[in-house]
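Coordinates for the following, if possible.
(chains A and B)
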Amino acid sequence: MTAEMLTTILIAMLGGAIRVSTPFLFVALGETLTEKSGRINLGLEGNLVLGAMVAYAVSYHTGSPWLGVLAAGGSGLMLGVMHGVICSLPRVNDIAVGLAMMSFGIGVAFFFGKPYIQPSAPRLEAWPVGGWSDNPALRQALDINPLFFIGIAVAVFLWWGLANTRTGLILRMTGDSEPAARAMGVDPIRVRVLATAAGGFLAGVGGAFLSLSYPGSWNEGLSSGQGLMAVALVIFARWNPLRCIAAALLFGAAGAIGPALQSVGISQGYYFFNAAPYILTLFIMIASARLAAGQDAPGELSITK
Amino acid sequence: MTTRNFSRRGMLKAGAAGLAAAALPMGWARPARAAGEVVLGAVYVGPRDDFGWNQGHAVAMEILKTVPGVTVIEEENVAETDAVSKSMESMINLDGANLILGTSFGYFDPFMIDLATKYPDVQFRHAAPLWSADKHPMNLGGYFSYLNQAHYVNGVAAGLSSATGKIGFVAAKPIPTVLSNINSVLLGARSVNPAATVQVIFTGEWSMPVREAEAANALVDAGCDVLTCHVDGPKVVIETAEGRGIKSCGHNTSQAALAPKGFITGAEYKWATIYALYADLLGKGEPLPNVVIGGYDNDMVGNTAYGAGATPEAIAAADAAIAGLKAKKPIYVGPLKDNAGNVVLDKTFDNYDPVLDGMGFLLEGVIGSIT
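Okay, here's the model as predicted:
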């Protein structure tokens, strides 16, 4: 492998990390927020797909992609509220409801999304951050969508807010010990419904990135399971919003390895390289289990009880 | 590979048939239908409106719905797994389908072969050149348009519209049909520019938009200034090429509207020609032929009207190439080497030669590997 090939691969991985990571980041942050309150919402794949469809449809009809982003968040919020309310009924299992919500969100998106597969909707403009470089590949890699920066800002805000605000404390307390929350006069159900709704909103915005930025069009294969992988990322990130950024970037970069290697002529074994993100998931799961991730998990989560 | 042959429905059917045989002279009865009536079950691997492969079939299928006495039932998003057996069996047993059209490559072996053996009075037709009389049941068959002829025209136009001579190809899976399209683009491009190359990236999936976008970007970064593809929905590849300011050639259906600046031309199926033939035969109550194949010479493929990316020389050369294909001029003029240097085609082959249907190589000039 020459130095030039290595540069190409590294630039592709950097570009891939930035381009592909945003939906992972938003879903992972949404899931972190939800799980911090003591509930698991496995249905965020549904929010992602529905958000992608709604964003594309709204952008197409109004001509404003940012309205599409808001509408996508709104659709995710509604799915989140549904999950939150249903799980608040007695003896309802949040994991089972999450799986049902996933099928529901995807089904609704496919049903209403049929007329939007063909048309082209206005997309979100990227910021040419790499304008200083004369390497076209690097310039392209650094055409960064504003949603990426918003995702990072949200992650930093959540990290700070969870640690330093009264709201953050209440959320963490509800997630760690329901009796403690009740003793403090906090209504755990209200906190959880709000946290699930906010998490759903974030996942919906992640979907808007898929249809309005990268790859930037609506069709039924768009997500191909990214929402599910992002939920797994949360365990790897150990419920820490800042680690969510790192995990999402890592996954984006891993996804870019397969095509990048083929483009520099290392074309043997592309099935293996294309599987890189999934192999990574496996190793991450094994590694995080060894690191005793249970120590960081909110105490009220049904997987830790 | 063999599949489980007992499904729950199969077991129930066998049990019921046993009981019925004891009590009645006839065994299990399928839904009754009038003589000569055709219930056609069409199965698609993806959504019917994907701007690509499935849409091409679904749109062309409309003509069959207009034939009196023909009922069309359709199911989309059926995976190339056991799911297709279940879907087709349910069409046969519950809806009384007596003609099944499977439109995805992987449906054939083993699923449609097994079903054709199990249901000898149901006709099966599969959209690929895989059926052969000495190996497969006679109630099974194939129909296929040789899109590689239109991809050859893409190659000619791309070869003269490209400044670098480097054409990028985003491919799904290394099956013969895809490989033939890649090789035909190369041979088309080399017929007008002997130094042209085709760089291919396989995504491994028929529909995986994020990876298709990554592959398209990687090809542009590698210096390609024309992109084309063979994936189920080419929208992402064409839009990515347009967004990066390079040219593109389409696949399956017309994508001209997606790339107003860089679109050159595109390879399009004309499934309507085949389905109109089927409709005609069904209307007359005649049996369908086992195999229907064709290309430019019998109006089964075509090229999209030239876009802004096509140079005048490219248009002239592409028109000449189309005239040649209509006159059955061969694409694979031997001897030809693969990209490892082995002679893979020792002589010139006719465009419909079965040898080409089993293509398992990338020609010299294609950068990439099929494993």
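
and residue 277, what does it touch?
Just going to use chain A. Residues near A:P277 by CB atoms under 8 Å, 6 or more residues apart in numbering or on different chains: A:229, A:251, A:254-255. C-beta coordinates here come from the backbone N, C-alpha and C atoms, glycine included.

was after chain B, sorry
Residues near B:L277 by CB under 8 Å, 6+ apart: B:V292.

Wasn't it part of a helix?
Yes - judged by DSSP: H, G, I helix; E, B strand; the rest coil, B:L277 forms part of a helix.

that older thread, pick out the lowest-pLDDT one from the contacts of A:P277.
Across the contacts of A:P277, the smallest pLDDT goes to A:G255, namely 83.

and that residue, how many neighbours does it have?
For A:G255, the neighbour count with other CB atoms under 10 Å in any protein chain shown is 27.

Going by neighbour count, which of the contacts of A:P277 comes out on top?
Across those, neighbour numbers were computed from other CB under 10 Å; A:F251 holds the maximum, 29 neighbours.

Show the subsequent helix or strand relative to the helix or strand containing that residue.
Using DSSP states H and E, A:F251 sits in helix A:241-263. Sequence-wise, the next helix or strand downstream of helix A:241-263 (DSSP H and E) is helix A:270-274.

which residues are contacting that following helix?
Here helix A:270-274 makes contact (CB under 8 Å, 6+ apart) with A:257-258, A:261-262, B:201-204, B:211, B:369.

Now the contacts of A:P277 in TSV, please, with extra columns for distance to chain B.
Shown next, in TSV, are these (distance: CB to the nearest CB, whole Å):
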residue	distance to chain B
A:M229	11
A:F251	11
A:A254	11
A:G255	7
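
Tell me the residues of the stretch 1-150 of chain B that contact chain A?
B:46-47, B:49-51, B:77 (CB under 8 Å from any CB of the partner chain).

Buried only: go through these for me.
Buried residues within these, counting neighbours by 16 or more other CB atoms under 10 Å in any protein chain shown: B:46-47, B:49-51, B:77.

show me where the stretch 1-150 of chain B has strands.
Ranges of strands in the stretch 1-150 of chain B, per DSSP state E, counting those that start in this stretch, are B:38-43, B:70-75, B:99-102, B:123-126, B:140-145.

and the ones you listed as CSV, adding distance to B:D346 and mean pLDDT?
Putting those into CSV (distance: least, CB to CB, whole Å; pLDDT from 0 to 100) gives the following:
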stretch, distance to B:D346, mean pLDDT
strand B:38-43, 39, 91
strand B:70-75, 44, 91
strand B:99-102, 34, 93
strand B:123-126, 30, 94
strand B:140-145, 25, 92
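
For those, give me CSV that also has mean neighbour count.
Output for the strands of the stretch 1-150 of chain B, formatted as CSV (neighbours: other CB atoms under 10 Å in any protein chain shown):
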stretch, mean neighbour count
strand B:38-43, 23
strand B:70-75, 17
strand B:99-102, 26
strand B:123-126, 24
strand B:140-145, 23
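
do you know which of the ones you listed lies nearest A:E4?
strand B:140-145 (41.5 Å; CB to CB).

In the sheet, which strands lie alongside the closest one, parallel or antiparallel?
strand B:123-126 (parallel), strand B:291-294 (parallel) (DSSP bridges).

Distance to B:V333 added to those strands, as JSON lines?
As requested, the strands paired with strand B:140-145 are exported to JSON lines (distance: least, CB to CB, whole Å):
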{"stretch": "strand B:123-126", "distance to B:V333": "30"}
{"stretch": "strand B:291-294", "distance to B:V333": "21"}
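
now B:A305, nearest residue through space, not along the chain?
B:A256 (6.6 Å; CB to CB, 6 or more residues apart in numbering or on different chains).

Could you report the neighbour count for the one you found?
Here the number of neighbours of B:A256 (other CB under 10 Å) works out to 20.

is it true that it touches B:I264?
No - between B:A256 and B:I264 there is no contact under CB atoms under 8 Å: 9.6 Å.

Residue 97: what's it in contact with?
If you meant another chain, say so; for now it's chain A. A:V97 neighbours (CB under 8 Å, 6+ apart): A:43, A:83, A:86-87.

The chain in question should be chain B.
Contacts of B:A97 by CB under 8 Å, 6+ apart are B:39-41, B:73, B:88, B:91, B:122.

That concludes my questions; thank you for your assistance.
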